[in-house]
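Chemist: only geometry, no sequence info:
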């Protein structure tokens with residue numbers, strides 16, 4: 001069984017358990033969820049924290065990951081990608097709220113609090129894996145996405161774009177965690193708005209074909225390519241496994257990484273922080289990812305072509321469409337790079353205290369240069385196995401602390 005099946009199975013099982021435990025509150029009370037996320041405490045601080053967590057998730061998965069899912073699993077992957085948000089939202093809420101209740105040190109704090117003497121070892125292992133993930137997925141993979149976009153749009157200008165991206169990312173990271181929070185508060189809304197706008201241009205230009213695309217999505221979503229029947233049969237369908245995997249790679253639900261965005265924020269309400277996690281999943285997996293998918297399907301392009309094919313599609317429908325895509329990818333990827341430097345710094349401080357800051361900065365910058373100026377596939381394989389390890393530990397932490405996970409109380413009610 002490969003990772004594209006194992007991860008969806010874990011998330012499906014854990015997410016279903018949490019949906020029932022939380023009584024589907026964010027589905028039945030969407031206004032309540034929004035009110036809980038932004039209606040208590042500092043709305044500005046909540047918006048900045050949301051932007052930081054979105055910076056970690058809005059990136060290569062929203063474009064390349066979705067395109068790959070469609071290329072492998074077909075149009076039906078889109079439905080399962082969106083349905084994965086139901087399970088991802090419950091998990092995000094739980095991992096973040098449980099982290100706040102355990103002292104605001106991310107899943108490391110939950111592991112240490114829930115597993116007694118062995119919890120310290122598990123928390124160190126989690127922090128170490130997350131630190132490594134900040135260098136692979138958070139740095140090398142996102143840098144590779146920048147290189148791919150620059151090459152697709154302007155091969156002649158690519159060296160200048162890559163150098164500019166390198167110095168921008170290095171400069172922001174050098175300002176530390178406070179500088180990163182301020183930077184992503186600007187770049188994430190800009191990137192999301194720009195990318196949404198160009199996708200909507202493509203979708204509106206082909207709006208007459210939307211019913212046919214929806215029909216194709218529904219028709220192919222329930223056609224397993226492998227085994228048939230039963231939960232395992234469904235999960236071994238290419239459409240389901242790739243759709244779920246794309247959603248999970250994009251929003252990172254179950255890995256516990258978004259809880260790190262709330263580390264060091266100060267006193268905050270657990271339900272409010274968890275509800276921000278739900279908003280994060282909705283923006284990432286229910287809004288941005290489907291926009292990419294519909295643009296690809298309506299544009300009738302080769303999904304395997306990735307950023308290059310999307311750039312050609314956008315260029316056909318709007319002036320400077322390829323350049324607008326490059327700008328979006330740059331903003332997404334740079335935001336993710338600097339966000340993961342933030343996450344890595346939290347883990348480094350958990351492991352070593354104030355020591356090692358300069359060493360981590362130098363290693364991170366070297367990895368950034370490797371991703372920007374070389375081609376290597378090992379980071380993808382490393383990332384998949386690390387995500388699996390983090391997901392297993394996060395699932396254990398959530399299951400152990402399940403009694404502490406509560407839906408928002410009546411004070412947030414929208415009745």
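Modeler: Sure, I can see it. As the structure is a computational prediction, the values presented were derived from the model and not from experiment.

Chemist: ok, residue 131 to residue 63 distance?
Modeler: Separation of residue 131 from residue 63 (CB to CB, to the nearest Å): 26 Å. (Glycine included, C-beta is placed from N, CA and C.)

Chemist: now swap in residue 119 and tell me
Modeler: Residue 119 is 38 Å from residue 63, by CB to CB.

Chemist: So between those two, which is more surrounded?
Modeler: residue 63 (28 against 18; other CB atoms under 10 Å).

Chemist: My understanding was that residue 69 contacts residue 77; is that so?
Modeler: Yes: under the criterion of CB atoms under 8 Å, residue 69 makes contact with residue 77 at 4.3 Å.

Chemist: show me what contacts the nearest residue to residue 128 once chain neighbours are set aside?
Modeler: Leaving aside its sequence neighbours, residue 128 sits nearest to residue 351 (CB to CB, 6 or more residues apart in numbering; 6.8 Å). Going by CB atoms under 8 Å, 6 or more residues apart in numbering, residue 351 touches 124, 127-128, 131.

Chemist: what residues are up against the residue nearest to residue 108 when sequence neighbours are not counted?
Modeler: Ranked by CB to CB, 6+ apart and with sequence neighbours excluded, the top spatial neighbour of residue 108 is residue 123, at 4.0 Å. For residue 123, the contacting residues are 107-109, 111-112, 350, by CB under 8 Å, 6+ apart.

Chemist: possible to save these as CSV with distance to residue 326, secondary structure and pLDDT?
Modeler: Shown next, in CSV, are the contacts of residue 123 (distance: CB to CB, whole Å; DSSP: H, G, I helix; E, B strand; the rest coil; pLDDT from 0 to 100):
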residue, distance to residue 326, secondary structure, pLDDT
107, 35, helix, 89
108, 37, helix, 90
109, 39, helix, 88
111, 40, helix, 91
112, 43, helix, 89
350, 36, helix, 90
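
Chemist: do you know how far residue 176 is from residue 404?
Modeler: Distance from residue 176 to residue 404, by CB to CB: 32 Å.

Chemist: Equivalent analysis for residue 75, please.
Modeler: For residue 75, the distance to residue 404 - CB to CB - is 41 Å.

Chemist: the more surrounded of these two?
Modeler: residue 75 (22 against 16).

Chemist: So which residues of the stretch 301-415 of the chain form strands?
Modeler: Assigned by DSSP state E, counting those that start in this stretch, the stretch 301-415 of the chain shows no strands.

Chemist: By mean pLDDT, which helix or strand of this protein comes out lowest?
Modeler: helix 230-235 (a mean of 34; mean pLDDT, DSSP states H and E).

Chemist: any low-confidence regions in the stretch 101-250 of the chain?
Modeler: 152-157, 223-250 (pLDDT under 70).

Chemist: ok so, going back, between the contacts of residue 123, which is closest to residue 163?
Modeler: residue 350 (33.1 Å; CB to CB).

Chemist: So which elements touch the one helix or strand residue 193 maps to?
Modeler: Using DSSP states H and E, residue 193 sits in helix 176-205. Using 3 or more CB pairs under 8 Å, 6 or more residues apart in numbering; DSSP states H and E as the contact definition, the elements that helix 176-205 packs against are helix 43-57, helix 158-174, helix 289-299, helix 306-317, helix 321-352.

Chemist: Next, the buried residues of stretch 290-300.
Modeler: Across stretch 290-300, burial judged by 16 or more other CB atoms under 10 Å covers 290-299.

Chemist: neighbouring contacts of it?
Modeler: By CB under 8 Å, 6+ apart, stretch 290-300 touches 62-63, 66-67, 70, 75, 77-78, 81-82, 195-196, 199-200, 202-203, 206, 209-210, 213, 216-217, 303, 309-310, 313-314, 316.

Chemist: The nearest residue to residue 302 once chain neighbours are set aside: how many residues sit nearby?
Modeler: Excluding the flanking residues, the one nearest residue 302 by CB to CB, 6+ apart is residue 309, at 5.4 Å. Residue 309 sits with 18 neighbouring residues when counted by other CB under 10 Å.

Chemist: Go ahead and confirm residue 309 touches residue 301.
Modeler: Yes: counting by CB under 8 Å, residue 309 touches residue 301, with 4.6 Å between them.

Chemist: ok and the helix holding residue 193 relative to helix 306-317, angle-wise?
Modeler: 50 degrees (axes from the mean of the first three to the mean of the last three CA atoms, to 10 degrees).

Chemist: Show me which residues of the helix or strand just after helix 176-205 are buried.
Modeler: Using DSSP H and E, the helix or strand that follows helix 176-205 in sequence is helix 210-221. The neighbour-count check on helix 210-221 (16+ other CB under 10 Å) flags 213, 216-217, 220-221 as buried.

Chemist: Likewise for stretch 180-188?
Modeler: 180-181, 183-185, 187-188.

Chemist: what's in contact with it?
Modeler: Against stretch 180-188 from outside (CB under 8 Å, 6+ apart): 47-48, 51-52, 54-55, 58, 172-173, 175, 331, 334-335, 338-339, 341-342.

Chemist: Residue 321: which of the buried residues of stretch 180-188 is nearest?
Modeler: residue 187 (20.6 Å).

Chemist: now the closest one: how far from residue 166?
Modeler: 16 Å.

Chemist: now residue 34
Modeler: 38 Å.

Chemist: Show the model's pLDDT score for residue 23.
Modeler: pLDDT for residue 23: 88.

Chemist: Around it, count how many other residues there are.
Modeler: Quick note: residue 23 (other CB under 10 Å) scores 11 neighbours.

Chemist: Please apply the same query to residue 151.
Modeler: Neighbour tally, residue 151, other CB under 10 Å: 16.

Chemist: Equivalent analysis for residue 321, please.
Modeler: 20.

Chemist: That one is in contact with residue 328, isn't it?
Modeler: No: contact between residue 321 and residue 328 fails when scored by CB under 8 Å: they sit 10.6 Å apart.

Chemist: Between those two, which contacts overlap?
Modeler: With CB under 8 Å, 6+ apart as the test, residue 321 and residue 328 both reach residue 198.

Chemist: contacting residues around residue 48?
Modeler: 181-182, 184-185.

Chemist: mind checking pLDDT for it?
Modeler: 81.

Chemist: same deal with the one 5 residues further on?
Modeler: Residue 53 carries a pLDDT value of 82.

Chemist: How many residues are close by it?
Modeler: 32.

Chemist: Next, the closest residue to it other than its chain neighbours: phi, psi?
Modeler: In this structure, residue 53 finds its nearest non-sequential neighbour in residue 261, 4.0 Å apart by CB to CB, 6+ apart. Phi and psi for residue 261, reported as degrees, to the nearest 10, are phi -70, psi -20.
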